[in-house]
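Enquirer: just a sequence and a predicted model for now, questions to come.
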Amino acid sequence: MEKQWKNHNVSLQQLAQTIEGSYSRRNLKIKETVLKDGYSIRVILAKLRASGTMSIIMRGTPDDFTIETKRERADDAVKVGLMTTIFGGGSIILSSIKSREELEKLEREFWGTIEEVISRLANSAT
């Protein structure tokens with residue numbers, strides 16, 4: 001999903017720090033990367049046998065920026081699970097499904113709160 005904001009004068013650095021802090025407080029692994037025109041934050045779900053990430057990419061200027069989210073999950077776990085179902089691979093498939101559900105929940109929560117965060121940070125760019 002992607003959304004654009006204009007005329008808010010938001011410091012993208014402060015926005016990235018706020019987003020990163022909210023996930024760090026939940027004990028999720030975070031990897032922030034400074035891009036030429038913004039920031040990329042990867043929220044990493046690390047579970048036994050299944051994992052995934054949600055990427056949050058912010059690009060633009062304080063008065064005209066976009067935020068995009070992408071979910072990436074370990075599809076290899078599903079493939080291995082399907083091949084080994086006879087030998088108990090069903091638990092691998094179940095872990096992967098739960099991982100996907102958690103990533104979807106993280107993304108919904110993110111989009112449900114980002115407007116408020118941007119409103120709080122309005123006019124934070126100098």
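Expert: Ah, there it is. Residues are numbered from 1 along each chain as shown.
Enquirer: next, count neighbours for the nearest residue to Leu106 once chain neighbours are set aside.
Expert: Nearest non-adjacent residue to Leu106, counting by Cβ to Cβ, 6 or more residues apart in numbering: Met54, 5.2 Å away. Glycine gets a C-beta too; all of them are placed from N, C-alpha and C. Met54 has 23 neighbours, counted by other Cβ atoms under 10 Å.
Enquirer: list the buried residues in the lengthiest strand in the chain.
Expert: Longest strand in the chain, counting residues (DSSP state E): strand 50-61. Going by neighbour count (16 or more other Cβ atoms under 10 Å), the buried part of strand 50-61 is Ala50, Ser51, Gly52, Thr53, Met54, Ser55, Ile56, Ile57, Met58, Arg59, Gly60.
Enquirer: check stretch 17-33 too.
Expert: For stretch 17-33, by 16+ other Cβ under 10 Å, it's Thr18, Ile19, Glu20, Ser22, Tyr23, Leu28, Ile30.
Enquirer: still on that earlier bit, what's the closest of the buried residues of strand 50-61 to Leu121?
Expert: Nearest to Leu121, judged by Cβ to Cβ, of these is Met58 at 11.7 Å.
Enquirer: that closest one touches Thr66, doesn't it?
Expert: Yes - with contact defined as Cβ atoms under 8 Å, Met58 counts as touching Thr66 (7.3 Å).
Enquirer: helix or strand right after the least confident helix or strand in the chain by mean pLDDT?
Expert: For the chain, counting by mean pLDDT, DSSP states H and E, helix 75-83 ranks last in confidence among helices and strands (a mean of 51). Heading C-terminal from helix 75-83, the first helix or strand you meet, by DSSP states H and E, is helix 90-121.
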